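Asks: model this:
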Amino acid sequence: MDVQEVQKDLEGTVATVHESLRKELAKIRTGRASVAILDSVRVDYYGTKTPLNQCASLSTPEPRLIVIRPWDRSIVHEIERAIHAANLGLVPNTDGEIIRLPIPSLTEERRRELVKLTKKIGEEHKVSVRNGRRDANELLKELEKDGDITEDQLKTAVKKVQEITDAGTARVDEIVAAKDKEIMEV
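Replies: Have a look, this model is predicted:
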């Protein structure tokens, strides 16, 4: 392993953290309809807990409405049950074939709670980025200890690792700020 590999590993870790953050924030309900909030819903589909998007088509024909069209009409009630069990605060309306999920607008108090939650999630992901920095620095110190790199190369590499970390945490802040803006939008 050399300095470039350590830095590439850290960049990969940071990219993974950013992707994880985006997925986590997509599950948070805003006033706008998004099928991502249904990612955690599992339907009892012939005895198997199946993700909702694998047993029905999901669409958002209007900004505050999600439409669920099950591929098998016999599981409409199972889907309703799964949505209630997921505790998303959504009430499904069904006509026997199609399930409509109206997205109610959020109260100011709920919006502020969601913003706090996004900040907490963002902080957890920043810690993951910093843990990646710690691991990279430990690997670099081992390389120096083994005589693979000099002390000057170590200082330069540690500085580069810090730059990658700073950029990674700044990007986490940007992603969280964009989600906060979306949540506070009326």
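
Asks: quick one: low-confidence parts of this protein?
Replies: For the chain, the stretches flagged by pLDDT under 70 are 186.

Asks: Got phi/psi on Arg42?
Replies: Main-chain torsions, Arg42, degrees, to the nearest 10: phi -120, psi 130.

Asks: my bad, should have said Thr50
Replies: Dihedral angles of Thr50 (phi, psi; degrees, to the nearest 10) stand at phi -120, psi 140.

Asks: Please report how far Glu97 lies from Ser74.
Replies: 11 Å (C-beta to C-beta, to the nearest Å). Where you see a C-beta, it was placed from the backbone N, CA and C, and this is true even at glycine.

Asks: any chance you could map the strands in the protein?
Replies: Using DSSP state E, the strands of the chain run over residues 42-45, 48-51, 56-62, 65-70, 93-94, 99-102.

Asks: With Glu138 as the reference, name the closest of the ones you listed.
Replies: Closest to Glu138 of the strands of the chain is strand 48-51 (C-beta to C-beta; 37.9 Å).

Asks: Sheet partners, orientation included, of the closest one?
Replies: In the sheet, strand 48-51 lines up against strand 42-45 (antiparallel) (DSSP bridges).

Asks: mind checking how far the partner strand is from the chain centre?
Replies: 22 Å (C-alpha atoms, centre = their mean, to the nearest Å).

Asks: list the buried ones in that strand?
Replies: Within strand 42-45, the residues that count as buried by 16 or more other C-beta atoms under 10 Å are Arg42, Val43, Tyr45.
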